[in-house]
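Asker: sharing a model that was predicted from the sequence below.
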Amino acid sequence: MGSKTKRLRELIARPGMILRPGIYDSLTAKLAEKTGFEWVLLTGYGVSGAMLGRPDVGLLSFGEILQKAREVCNTVDIPVVVDVDTGYGNAVNVFRTTQEMIWAGAAAIQIEDQVWPKRCGHMFGKQIISTEEMTGKIRAATDAKNGIDPEVVIGARTDARSVSGFEEVLKRGKAYAGAGADYIYVETPKSLKEIEKLVKEIKAPITFNIIEGGKTPSFNFDDLEKLGVKILSLPLTTLYAATKAVMDVLEIMKNAKKVEEWEHLTIPWPEFNELIGLPMIKEMEKKYIPKEILKKMYKRT
């Protein structure tokens with residue numbers, strides 16, 4: 001575990017801005033790793049949408065995201081950041097949530113200052129807890145990780161921009177950094193001027209997200225890097241792309257007469273099996289299973 005947390009801290013410490021793709025299961029995590037991304041965010045919205053088929057409005061439980069974290073962290077060798085929403089309760093709950101996520105393999109967790117049940121940061125109807133309550137959660141998370149792996153990264157998100165305004169974001173960002181957060185995640189900043197001020201005044205790396213069709217303007221990535229933004233999250237691109245691809249192929253399948261009509265939209269059977277590790281399984285079979293059993297298994301009929 002320690003190697004992943006160390007790599008994550010080295011990654012954040014490197015000059016320049018880092019893109020952080022959102023994933024929602026083991027397959028999307030594996031695809032991100034294969035593509036060359038050095039870390040991923042297990043997004044609560046993505047898991048809720050893909051696993052429950054429901055919107056990100058606090059329906060996803062602690063046990064469900066914990067199980068998904070175990071699955072993903074055991075699939076890839078790159079660091080995984082787990083979105084734990086509000087921590088599923090008060091600061092005492094956050095303490096346990098942090099422990100469990102680290103034991104599951106998370107290199108970082110990200111907690112937010114919404115009232116539970118929370119909702120996607122780009123939706124209306126959000127409420128936030130007090131600064132004092134949130135700083136207590138950050139301290140609890142920090143104490144919990146220090147008892148297991150002090151290198152684990154704690155991210156603190158604030159949804160104050162669309163609830164109480166930009167000045168409240170600044171106040172909270174400074175308080176959260178002072179409480180021990182390793183980076184500050186600001187939901188839905190409105191302008192480059194706001195982002196510039198966040199980077200200058202908050203003594204911690206600044207992060208936010210861009211969602212296709214969401215509330216954050218579609219800023220140019222080069223402009224964000226010049227301003228000093230450390231992490232840009234793209235949490236839902238994989239989910240939305242997969243959804244569109246599946247819908248497109250299903251539309252063709254409805255009226256098709258043969259596989260060739262949609263085959264160009266799919267990955268070939270051998271290529272997918274290789275991607276998910278079938279060659280490794282075959283090597284393990286050769287290593288551990290007696291030859292006479294293998295001959296029976298692979299006997300051609």
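Answerer: Arrived safely.
Asker: from here on, just use CA atoms for contacts and neighbour counts.
Answerer: Will do.
Asker: just the helices in the stretch 101-250 of the chain please.
Answerer: Using DSSP state H, counting those that start in this stretch, the helices found in the stretch 101-250 of the chain span residues 131-146, 161-164, 166-178, 192-201, 221-227, 237-255.
Asker: using CSV, lay out those helices together with mean neighbour count, distance to residue 76 and mean pLDDT.
Answerer: Listed next are these as CSV, based on neighbours: other CA atoms under 10 Å; distance: least, CA to CA, whole Å; pLDDT from 0 to 100:
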stretch, mean neighbour count, distance to residue 76, mean pLDDT
helix 131-146, 21, 21, 98
helix 161-164, 16, 34, 95
helix 166-178, 20, 30, 98
helix 192-201, 15, 32, 98
helix 221-227, 14, 27, 98
helix 237-255, 13, 17, 97
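Asker: including distance to residue 297, could the ones you listed go into JSON lines?
Answerer: Conversion of these to JSON lines gives the following (distance: least, CA to CA, whole Å):
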{"stretch": "helix 131-146", "distance to residue 297": "47"}
{"stretch": "helix 161-164", "distance to residue 297": "60"}
{"stretch": "helix 166-178", "distance to residue 297": "58"}
{"stretch": "helix 192-201", "distance to residue 297": "60"}
{"stretch": "helix 221-227", "distance to residue 297": "53"}
{"stretch": "helix 237-255", "distance to residue 297": "34"}
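Asker: so which of the ones you listed gets nearest residue 75?
Answerer: Comparing these by their distance to residue 75 (CA to CA), the top pick is helix 237-255, with 17.3 Å.
Asker: contacting residues around that closest one?
Answerer: Residues outside helix 237-255 that contact it (CA atoms under 8 Å, 6 or more residues apart in numbering) are 21-24, 28, 46, 50, 211-212, 261-262, 265.
Asker: can you check stretch 130-145 too?
Answerer: Against stretch 130-145 from outside (CA under 8 Å, 6+ apart): 90-92, 94-96, 98-99, 102, 112-113, 151-152, 154, 156, 172, 175-176, 179-181.
Asker: that older thread, the contacts of helix 237-255, buried ones only, as a ChimeraX selection?
Answerer: If you want just the buried ones from those in ChimeraX, going by 16 or more other CA atoms under 10 Å, the selection is:
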select :21,22,23,24,28,46,211
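Asker: closest one to residue 203 out of the contacts of helix 237-255, please.
Answerer: Taking these together and measuring to residue 203 by CA to CA, the closest member is residue 21, at 24.3 Å.
Asker: now that closest one. Nearest residue, chain neighbours left out?
Answerer: Residue nearest to residue 21 in three dimensions, not counting chain neighbours: residue 234, with 5.0 Å by CA to CA, 6 or more residues apart in numbering.
Asker: identify the bridge partners of residue 209.
Answerer: Beta-bridge pairing of residue 209 under DSSP bridges involves residue 233.
Asker: ok, it touching residue 216?
Answerer: Yes. Using CA atoms under 8 Å, residue 209 is in contact with residue 216, at 7.3 Å.
Asker: give me the low-pLDDT residue ranges for the stretch 1-150 of the chain?
Answerer: Along the stretch 1-150 of the chain, segments meeting pLDDT under 70 span 1.
Asker: what's the overlap in contacts for residue 209 and residue 216?
Answerer: residue 188.
Asker: who has more neighbours out of these two?
Answerer: Shown here are residue 209 and residue 216; by other CA atoms under 10 Å, residue 209 has more neighbours (26 against 17).
Asker: for that one, give its distance to residue 71.
Answerer: Counting by CA to CA, to the nearest Å, the gap from residue 209 to residue 71 is 24 Å.
Asker: report the secondary structure element holding residue 63.
Answerer: helix 62-73 (DSSP states H and E).
Asker: and the strands in this structure?
Answerer: 18-23, 40-42, 80-83, 108-112, 153-158, 183-186, 206-209, 231-234 (DSSP state E).
Asker: need those in TSV (columns: distance to residue 120).
Answerer: Output for the strands of the chain, formatted as TSV (distance: least, CA to CA, whole Å):
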stretch	distance to residue 120
strand 18-23	14
strand 40-42	14
strand 80-83	12
strand 108-112	11
strand 153-158	12
strand 183-186	13
strand 206-209	12
strand 231-234	14
